[in-house]
Structures are given as structure tokens and as C-alpha cells.
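Colleague: My questions concern the predicted model and sequence given below.
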Amino acid sequence: MALARNSMLLARRKFAIGCGALASSAILDARFGLGEPAPAGTRLPIPMLIDAAKQGNAVHLKAMSGRHAFIEGKPTRTYGYSAPVLGPVMRVRRGVEVQVTVENALDAVTTVHWHGLLVPGYNDGGPQHPIKPGDTRRLVLKIDQPSATLWFHPHPHHDTARQTYMGLTGIIIVDDGSDARLDLPRTYGLDDLPIVLQDRSIDSDGSIGYDNNDLNALDIAYGDRGDTIIVNGAITPVAKVPSGLVRLRLLNAANAQNFDLRFKDQRTFHVIASDGGFLSAPVAVTELRISPAERFEILVDFADGKAVALETGPDDELGVFGRVAPDGSADYVAIMRFEPTPTMPLVKRVPNRLIEPTTANAASATRRRQFVLDSGLCANRQQAGLHTNMPALIGINGKAFDLARIDVETKLGTTEIWEITSIGMAHPFHVHGALFRVLSIEEQPPPAHLAGWKDTVLVEDKAKLLVAFNQPATRQHPFMYHCHILEHEDAGLMGQYICS
Ligand code: C2O
Ligand code: CU
């Protein structure tokens, strides 16, 4: 491990020489330093469940600041939705209209974007819809899509990364009734658990901090990465689970980190759903990579009654740094533990079939477009927006994001082929207001767990997507597409499209 760390230090130095203008090695060392040892054994926090149907399909969310102790006894300032940190899990039924009020009790402009929810542009919560401090926004969300795990997070202009980092993240569960039909684990908090994965740099005084004016070039180039993994806001927590099948709704809500998940005993588990909903059949895997903003639902069998750790491997996507784990090693690190209890399992069997996704026919695509995502690594620096130290050329097709520019016009009810190319590093590409099928990834057909409807995909080099446009968006209320590394997004790796 020491050796691996040394070679990483060496790689860093090479990087510092190759991109001399970017950063000093002092910055590099501080950035990848080892954090406080984590106190193990806190119970996995389970976010409050808001079952919209039980409260007349009316939901109030308050974006607020609070205090949360990542390290016991050392509370620090954080943000949350109606909570000191993170937010509730909102369960909504298909076919209903949910009245949502969003109150901004922060001292900064915010927005709430419903990531993965298929709603018109005027309800999308992008940077075009700022909510000023003290203001409340009312909206009616019509829920019309299959069961899926979605999420919500801030999307204000140039401040998305910081606000999300401070804790603004919640989950939406869309429920169309198929859980019961398929007899899947569905008892919230018991055998159906939200798992929000993030990484943070936590100081010895317990604080997390994020200063838009103090980001160094590497924070922007690689996205902000911390050495401590938090799960639902806790460090290496323990979940007590029934000795049977448990469903985990995995969300990567990190600013930039990819997680390569596996269980320590390398047991097989089943992926049953991705961003847009169920796969056609469970996919058996022993490892699963999840990139920022992606969701997967998995079924894990704890019938053997053995406790096991969930681990993440080193992130492959650190360019010249090679494979680096969050703690700076090149090893897998435990991020949480599952302890089966002798309680009776509610569900024992993995179904053979799930839900056949609606067909997607590439031959009927009406257009083909190319998008080159460039994070401008090692490019010259320039000042832009709120960010100083920003490498130039962070943008799509050679253009940085401009709120006043519409980049793409699409037709409602059509599909298009979008060819994505990543430059600089792997970028998790996300499209608002639409779902897509991966036609090919790195010139190969997608693996089974990436073959369903999605809204985010990690593109290391090349991907070909079939995007289905079924929600309207006007010039005043356009949709966005962007890299979901939040520092890239804030720095301009983003575009806008309309649909009519
Ligand atoms: Cu999670 Cu622009 O989105
Ligand atoms: Cu990116």
C-alpha cells in the first residue's frame, strides 16, 4: 500500500511538472492527504420517507442550513432539504399531480432540479429558475413514468457543486405498482434502503468546507474529491437487515468520484433497475461501477446471516494519477457494513423477469448530433464566472456554457442519436427532460445493466445514445445536458436544448 501511495505521489509530481501552470505540489499533497480515522459502527441513517399520497400529494421542501456531526461530537455547518443534511425520500405514485412548494431558507440563490423526472422545461428547476433567499416557489409535478429511483439537487448558476457538497440531495421514488406484482423487497427502511454515496474532505475539527473562490486547478480539472466516504451522511455506518433479500437504491451523489462497488466476500448480487427504471431481467454481477448522478437498484441476499462490508475500489478515472482509492491507496476501502439479524425475511426470491423496457428503434432516429466534452486539462487558465483558476476550454463542442444561448433544437416525440466524445477524462454525461438508451459504449454494445433507459452514462471515450424527446421545453425554459462532475458543470461543460 505504501508503495502504491508512493507511485501515486510520483505520478502527481509528473503531473505537476507536465502542467506546471496548473498547481503546485503543495496543493496536490493537501488535496490527496489522508483524513481523520473514521469512527466505525454508527447505524445507517435512514432519511425520512415522505409518502406523498398520504399527505394529499402536497409536499413542502425547505432548503436550509443546519448542523451535522460527520465526526462524533464535532458538528459543522451543512445544508439540507427540511433536514440538517441531505433530505427526505419522496415517494410519488404514477398518474398523480404532486403540489410541491420549495422554500429557500438559505442565504444564497438556489433551484431544485428533479433529476430523472420527466416534466416540462418550466418545472425542471435548472439555473433558469432561480429562487431567491426567502422566496418560495410553487409547482405542480405531473408524475407519468414507470417506477424508478430519481433524485433532486440544486442547480443554480455557478453554485451547484458547492450547494450539493454542503448536503442538498434527496431521493424520489416513482411507484407505478410493479413492486408488489414482481414481489420485490419494498418495505422502506427495512428491506428497501436508500444508499446515498458521497465523498468529503472532513477537517479534524469536523468541518467540511467548499469555497467557490478557493478551488484550485485540480479541484476543477478532476472535480472535488474527498478522502472520506459518507453513506447517507455517515462514515462507515452499519445497516441491520433481515436475513433475506434486501433492495438497495444506490445513488452516486458525489461531486466527481466514481464508485466501484463490491462486497468484501465478492458475493453475487443482482442489478434490477438503472436510472430510468427496471431492467428486463435481473443482471447478476459481483462488481458495479456507479458514476456521479447514476442510480442502480440492486438485490442482495443476506440469507447466510453473515455480516459483510460493502467496499469501493480505486477510481480508475484519475488520468495520470492512475487508479486511486479515496484514502490515497490503491486498495478497496470499506464504506459500510451489513449485519443480518435473525428477523424473518420479507422476500426470499429474485424474480426471473422484471419489466421489458419500451422499444427503442435506432432506425427511426431523425437526427444525429456530435458532442465533444472537453475538460480542458492542462490548458491555459483564464478567469470565468465566479471561478478563478479555471482551465480554459471547459465546454462542449468548443463552447463554454452560456445561459443566453440555445445550443440544440429538438422535436417533441422524436428520437435522435447523440454521439458523445470525452476529452481530458471520463465524463458522466446527463440529459435533462429525456431518457436514452445506450446504443454503444466504447464501440461495444452496452453490458446488460446499462441496456435499459437511462439519463446519465459515464463516457470514458465514446458513446452513442438514442435519446427520446417527450417533454416540451421553450426558449425561456430550456432543458440542459452536461457533465455531472459538478465542478465541470459549474465551469461550463453544459449546454441547453429546447423541444417543441
Ligand atoms: Cu443532476 Cu443538470 O443535473
Ligand atoms: Cu466532466
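Modeller: The structure has been received and is ready for your questions. Model, not experiment: these values are computed from the prediction. Ligands and ions are numbered 1, 2, ... in the order given.
Colleague: what helix or strand is the residue of the stretch 201-350 of the chain found nearest ligand 1 on?
Modeller: Nearest residue of the stretch 201-350 of the chain to ligand 1: A293, at 4.8 Å (Cβ to the nearest ligand atom). Quick note: C-beta positions are derived from backbone N, CA and C, even for glycine. Under DSSP states H and E, no helix or strand contains A293.
Colleague: which residues does it contact?
Modeller: Contact partners of A293, counting by Cβ atoms under 8 Å, 6 or more residues apart in numbering, are 115, 151, 252-253, 428, 430, 455-456, 484.
Colleague: What of V112?
Modeller: Contacts of V112 (Cβ under 8 Å, 6+ apart): 61, 63, 81, 102, 125, 131, 152-155.
Colleague: Over to K411?
Modeller: By Cβ under 8 Å, 6+ apart, K411 lies in contact with 366, 469, 499-500.
Colleague: Quick check: the closest residue in space to G116 that isn't next to it in sequence vs D159, distance?
Modeller: Distance criterion Cβ to Cβ, 6 or more residues apart in numbering; nearest residue to G116, sequence neighbours excluded, is L150 at 3.6 Å. According to Cβ to Cβ, to the nearest Å, L150 and D159 sit 22 Å apart.
Colleague: Likewise for D455?
Modeller: From D455 to D159 the distance is 22 Å (Cβ to Cβ).
Colleague: So those two - more neighbours on which side?
Modeller: D455 (27 against 23; other Cβ atoms under 10 Å).
Colleague: which residues of the stretch 151-300 of the chain fall in helices?
Modeller: Here the stretch 151-300 of the chain has its helices, by DSSP state H, counting those that start in this stretch, at 160-165, 178-181, 217-222.
Colleague: List the buried residues for the second one?
Modeller: Taking 16 or more other Cβ atoms under 10 Å as the basis for neighbour counts, the residues of helix 178-181 that come out buried are 178-179.
Colleague: Pull the number of nearby residues for the residue lying closest to A53 once chain neighbours are set aside.
Modeller: Once flanking residues are discounted, A53 sits nearest to R93: 5.6 Å by Cβ to Cβ, 6+ apart. Look at R93: counted by other Cβ under 10 Å, it has 17 neighbours.
Colleague: Before we move on, what's the pLDDT of R93?
Modeller: For R93, the model assigns a pLDDT of 98.
Colleague: cool, and Q382?
Modeller: 38.
Colleague: In contact with the spatially most distant residue from the centre of the chain, which residues are there?
Modeller: Computed with Cα atoms, centre = their mean, the residue of the chain farthest from its C-alpha average is P342, at 33.4 Å. Listed by Cβ under 8 Å, 6+ apart, the contact set of P342 reads 243, 305.
Colleague: Point out the residues in the stretch 301-450 of the chain that sit beside ligand 1.
Modeller: Residues of the stretch 301-450 of the chain lying close to ligand 1 (Cβ under 6 Å from any ligand atom) are 430, 432.
Colleague: What ranges does the stretch 301-450 of the chain have for its strands?
Modeller: 308-313, 333-341, 367-375, 381-384, 387-391, 394-396, 408-410, 415-423, 427-431, 434-441 (DSSP state E, counting those that start in this stretch).
Colleague: mean pLDDT for those: which is lowest?
Modeller: strand 381-384 (a mean of 38).
Colleague: Assign a three-state SS to E489, would you?
Modeller: helix (DSSP: H, G, I helix; E, B strand; the rest coil).
Colleague: again with Y122
Modeller: Going by three-state DSSP: Y122 is helix.
Colleague: Chain neighbours aside, what residue packs nearest to it?
Modeller: H477 (4.1 Å).
Colleague: Kindly report the same for I355.
Modeller: Of all residues not flanking I355 in the chain, F278 sits nearest, at 4.1 Å (Cβ to Cβ, 6+ apart).
Colleague: Can you report how many residues neighbour the one you found?
Modeller: 26.
Colleague: dump the residue contacts of it.
Modeller: 146-147, 178, 182, 272, 354-355, 357, 452.
Colleague: can you narrow those residues to ones near ligand 2?
Modeller: Among the contacts of F278, proximity to ligand 2 is found for none (Cβ under 5 Å from the ion).
Colleague: what bridges to the residue nearest to I335 when sequence neighbours are not counted?
Modeller: Excluding the flanking residues, the one nearest I335 by Cβ to Cβ, 6+ apart is I229, at 4.5 Å. The partner list for I229 in beta bridges (DSSP bridges) reads D199.
Colleague: Likewise for R369?
Modeller: Here R369, judged by DSSP bridges, has bridge partners W418.
Colleague: Just want the residue of the protein that's nearest ligand 1.
Modeller: For the chain, Cβ to the nearest ligand atom, closest residue to ligand 1: H115, 3.7 Å.
Colleague: quick one on the thing from earlier: state the distance from the residue nearest to I335 to H270.
Modeller: Per Cβ to Cβ, I229 is found 23 Å from H270.
Colleague: Looking at those two, which is more packed in?
Modeller: A count of neighbours by other Cβ under 10 Å puts I229 above the other of I229 and H270, at 26 against 21.
Colleague: Please look at that one and I202 and confirm they touch.
Modeller: No: using Cβ atoms under 8 Å, I229 is not in contact with I202; the gap is 10.7 Å.
Colleague: any idea how far ligand 2 is from A334?
Modeller: Separation of A334 from ligand 2 (Cβ to the ion, to the nearest Å): 28 Å.
Colleague: Please read the previous query as pertaining to L288.
Modeller: 21 Å.
Colleague: cool, and I396?
Modeller: Distance from I396 to ligand 2, by Cβ to the ion: 10 Å.
Colleague: I figured that residue was touching D374, is that so?
Modeller: Yes: counting by Cβ under 8 Å, D374 is a contact partner of I396 at 7.4 Å.
Colleague: can you list the residues of this protein near ligand 2?
Modeller: Residues of the chain found near ligand 2 (Cβ under 5 Å from the ion) are 427, 483, 485, 488.
Colleague: The one helix or strand V467 maps to: partners in the sheet, and parallel or antiparallel?
Modeller: Assigning secondary structure by DSSP H and E places V467 in strand 462-469. In the sheet, strand 462-469 lines up against strand 415-423 (antiparallel), strand 434-441 (antiparallel) (DSSP bridges).
Colleague: Any buried residues in it, and which?
Modeller: Judged by neighbour count (16+ other Cβ under 10 Å), strand 462-469 contains these buried residues: 463-469.
Colleague: One more: stretch 72-88?
Modeller: Buried residues in stretch 72-88 (16+ other Cβ under 10 Å): 76, 78-88.
Colleague: what would those look like in CSV with pLDDT, secondary structure and distance to V300?
Modeller: Listed next are the buried residues of stretch 72-88 as CSV, based on pLDDT from 0 to 100; DSSP: H, G, I helix; E, B strand; the rest coil; distance: Cβ to Cβ, whole Å:
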residue, pLDDT, secondary structure, distance to V300
T76, 97, strand, 32
T78, 98, strand, 29
Y79, 98, strand, 31
G80, 98, strand, 28
Y81, 98, strand, 28
S82, 98, coil, 29
A83, 97, coil, 26
P84, 97, coil, 29
V85, 97, coil, 26
L86, 98, strand, 22
G87, 98, coil, 25
P88, 98, coil, 24
